[in-house]
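Asks: Quick one: sequence and predicted model below, then my questions.
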Amino acid sequence: MLSFAQFNVISKKANTIPQFNMAKNFSSRAEDYSQWYNDIVKHAELAENSSVRGSMVIKPYGYALWENMQRELDRMFKETGHENAYFPLFIPKSFFSKEASHVEGFAKECAVVTHYRLKIDENGGGIIVDPDAKLEEELIVRPTSETIIWDTYKRWVKSYRDLPILINQWANVVRWEMRTRLFLRTSEFLWQEGHTAHATEREAIAEAEQMLEVYADFAENFMAIPVIKGTKSPNERFAGALETYCIEALMQDGKALQAGTSHFLGQNFAKAFDVKYLSKENTLEYVWATSWGVSTRLIGAIIMGHSDDNGLVLPPRLAPIQVVIIPIYKNEQQLEEISDEVKEIMKRLRSKGIRVKYDNRDTQKPGFKFAEYEYKGVPVRFGIGPRDLENKTIEVARRDNLTKEMMPMEGIEEKVLLLLDEIQQNLFERASNFRKKNSKNVDTWEEFKIEIEKGGFLYAHWDGSSETEQKIKEETKATIRAIPLDAKEEMGKCIYSGLPSSKRVVFARAY
């Protein structure tokens with residue numbers, strides 16, 4: 001790939017972009033990381049809090065980002081043989097009692113529908129729930145769909161010929177969170193959830209592992225965020241799973257973010273809902289199951305993985321706007337001349353699949369627009385004025401490293417394609433270097449307690465017991481984020497108990 005400096009440009013070496021610092025009144029990462037995050041979500045116009053406690057309004061720019069993520073993931077799911085379907089939002093409460101560990105895992109987060117009608121209070125108290133409209137069976141608002149889907153699969157599966165079932169659902173779910181943060185943890189959020197049924201254990205495990213690879217591919221090649229692939233400890237597994245595979249990412253404050261999970265469910269749900277198939281040997285067998293999902297939490301990962309004190313930074317492959325064009329003019333005639341040229345440039349860019357916007361609003365000056373799109377994380381910005389028309393050049397600014405350079409208009413579409421790829425790669429390398437710098441082996445409990453305060457991924461020996469893991473969590477707020485799939489055999493002693501351990505696991509404080 002050509003470097004930025006190798007492009008056929010007519011200016012001198014790249015200069016730093018003058019800072020029309022729209023973000024100067026906003027928090028920096030060093031001052032207040034939490035407020036910095038909230039400022040970006042708000043002022044980059046990604047989302048805002050709604051009137052419903054713990055729920056958010058995803059604004060058009062934020063939803064466009066989600067649509068791009070959804071589009072790429074949906075393509076990847078279908079390439080691996082999955083189909084989309086949709087299942088009910090409401091789940092009979094009795095379904096949850098059929099799989100004990102599942103209901104225990106979600107009981108505290110469930111929203112329950114008990115009545116189906118309102119009425120006017122005859123005593124003047126306004127609108128009340130009609131006591132005569134109580135449901136015969138209470139309904140759970142979907143926190144996840146395993147139960148309703150496996151009740152459905154019972155009707156779909158009769159023979160080995162009906163397997164495998166490879167279904168994905170794009171939906172919303174409700175988990176009644178006490179402490180919420182936009183995108184990272186809200187009472188209602190958007191996600192996808194895959195639910196598959198298989199004839200054999202081997203096929204189900206292969207499916208769960210395959211989807212983990214899909215998630216890792218998406219995180220690294222589209223989100224530009226490096227991830228650790230691993231399995232969860234028993235304490236951290238999905239409720240009802242025999243094995244939970246995960247990808248874990250490191251955010252810029254040194255905390256981990258679970259970016260995706262894929263679960264091998266064994267036959268637990270098949271037995272709970274009596275889903276059997278007639279095998280080729282003419283015997284009745286329970287099917288084997290998986291589920292897997294990612295959510296709008298990934299938008300939070302992009303924000304915290306790449307953004308800086310100047311605002312949002314978006315990876316080009318997912319950015320709603322990849323190139324914004326801003327005219328610089330003094331009168332209407334100059335604007336018309338610039339607009340005529342821009343029409344042709346946009347046509348050429350779009351012919352290459354580049355998402356481009358022309359901002360010719362006359363209500364804001366160019367400097368304000370520069371700052372606005374910098375804060376919104378648009379990867380590439382064009383500035384075009386009368387002199388550029390004369391010279392047949394364009395001022396091209398990069399959001400990732402805040403540099404600018406003059407480029408010829410001729411062939412600009414090819415140069416931008418290369419530039420977008422370079423920005424994408426630069427973001428991934430920058431995040432990878434950050435993770436490498438903030439990952440460390442620790443061998444003693446005293447060292448662990450010191451290093452966990454600094455943040456980052458700590459690779460340490462663990463004796464494999466839930467009791468030890470819980471004590472470490474209670475004393476340091478750190479959890480086992482992953483048992484890496486590529487972990488090497490290495491005999492050592494557990495940092496807490498001193499008992500033997502055969503490999504290191506990854507600890508971190510997490511969102």
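Replies: That came through, no problem.
Asks: CA atoms for contacts and neighbours, from now on please.
Replies: Fine.
Asks: List the buried residues in stretch 324-342.
Replies: Within stretch 324-342, the residues scored as buried using 16 or more other Cα atoms under 10 Å are 324-329, 335, 338-339, 342.
Asks: likewise stretch 221-236?
Replies: Residues 221-234, 236 are the ones in stretch 221-236 that count as buried (16+ other Cα under 10 Å).
Asks: and which of the residues you listed is nearest Arg185?
Replies: Nearest to Arg185 among the buried residues of stretch 221-236, counting by Cα to Cα, is Glu236 at 17.1 Å.
Asks: and the gap between that closest one and Tyr245?
Replies: 11 Å (Cα to Cα, to the nearest Å).
Asks: got it, and Ala239?
Replies: On the measure of Cα to Cα, Ala239 and Tyr245 end up 13 Å apart.
Asks: which stretches of this structure have low pLDDT?
Replies: Where the chain drops to pLDDT under 70, the residues are 1-24.
Asks: What backbone torsions are found at the spatially most central residue of the chain?
Replies: For the chain, the residue sitting closest to the mean C-alpha position, by Cα atoms, centre = their mean, is Leu298 at 1.2 Å. As for Leu298, its main-chain torsions (degrees, to the nearest 10) stand at phi -60, psi -30.
Asks: of Ala239 and Tyr245, who's got more company?
Replies: Tyr245 (26 against 19; other Cα atoms under 10 Å).
Asks: Can you tell me, leaving aside adjacent residues, what's nearest to the more buried one?
Replies: Once flanking residues are discounted, Tyr245 sits nearest to Thr231: 4.3 Å by Cα to Cα, 6 or more residues apart in numbering.
Asks: And Val41, how far from Ser307?
Replies: Taking Cα to Cα, one finds Val41 at 11 Å from Ser307.
Asks: Could you count how many residues lie near Cys246?
Replies: 31.
Asks: Would you confirm that it contacts Phe238?
Replies: No. Cys246 is beyond contact range of Phe238, at 10.4 Å (criterion: Cα atoms under 8 Å).
Asks: Any buried residues in stretch 140-152, and which?
Replies: Buried, per 16+ other Cα under 10 Å, within stretch 140-152: 140-151.
Asks: what are the phi and psi angles of Ile495?
Replies: phi -60, psi -20.
Asks: Gly230 too?
Replies: Per degrees, to the nearest 10, the backbone of Gly230 is at phi -160, psi -170.
Asks: so what's it up against?
Replies: Residues in contact with Gly230 (Cα atoms under 8 Å, 6 or more residues apart in numbering) are 245-247, 482-486.
Asks: what about 6 Å?
Replies: Taking Cα atoms under 6 Å, 6 or more residues apart in numbering, we find Gly230 in contact with 245-246, 482-485.
Asks: And for the nearest residue to it once chain neighbours are set aside, the neighbour number?
Replies: Residue nearest to Gly230 in three dimensions, not counting chain neighbours: Pro484, with 4.1 Å by Cα to Cα, 6+ apart. Pro484 has 21 neighbours, counted by other Cα under 10 Å.
Asks: Quick check: Pro484 vs Arg381, distance?
Replies: 40 Å.
Asks: ok so, going back, go through the buried residues of stretch 324-342 and flag which are in strands.
Replies: Assigned to strands by DSSP state E, the following of the buried residues of stretch 324-342 qualify: 324-327.
Asks: now the helices for this protein?
Replies: Under the criterion DSSP state H, the chain contains helices at 33-43, 60-79, 93-96, 100-106, 146-156, 201-221, 268-272, 297-306, 332-351, 366-375, 386-391, 412-437, 445-452, 466-476.
Asks: So for Met491, which of those sits nearest?
Replies: Met491 sits nearest to helix 445-452 of all these, at 16.8 Å, using Cα to Cα.
Asks: Can you show me the CA trace of that closest one as PDB?
Replies: This file holds the C-alpha atoms of helix 445-452, laid out as PDB (Å, rounded to 0.1, in the frame of the first residue of the first chain):
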ATOM      1  CA  TRP A 445      -0.300 -10.800  44.300                       C
ATOM      2  CA  GLU A 446       1.500  -7.600  45.400                       C
ATOM      3  CA  GLU A 447       2.500  -6.900  41.900                       C
ATOM      4  CA  PHE A 448      -1.000  -7.600  40.700                       C
ATOM      5  CA  LYS A 449      -2.600  -5.100  43.100                       C
ATOM      6  CA  ILE A 450      -0.200  -2.400  42.000                       C
ATOM      7  CA  GLU A 451      -0.500  -3.000  38.300                       C
ATOM      8  CA  ILE A 452      -4.300  -3.300  38.200                       C
END
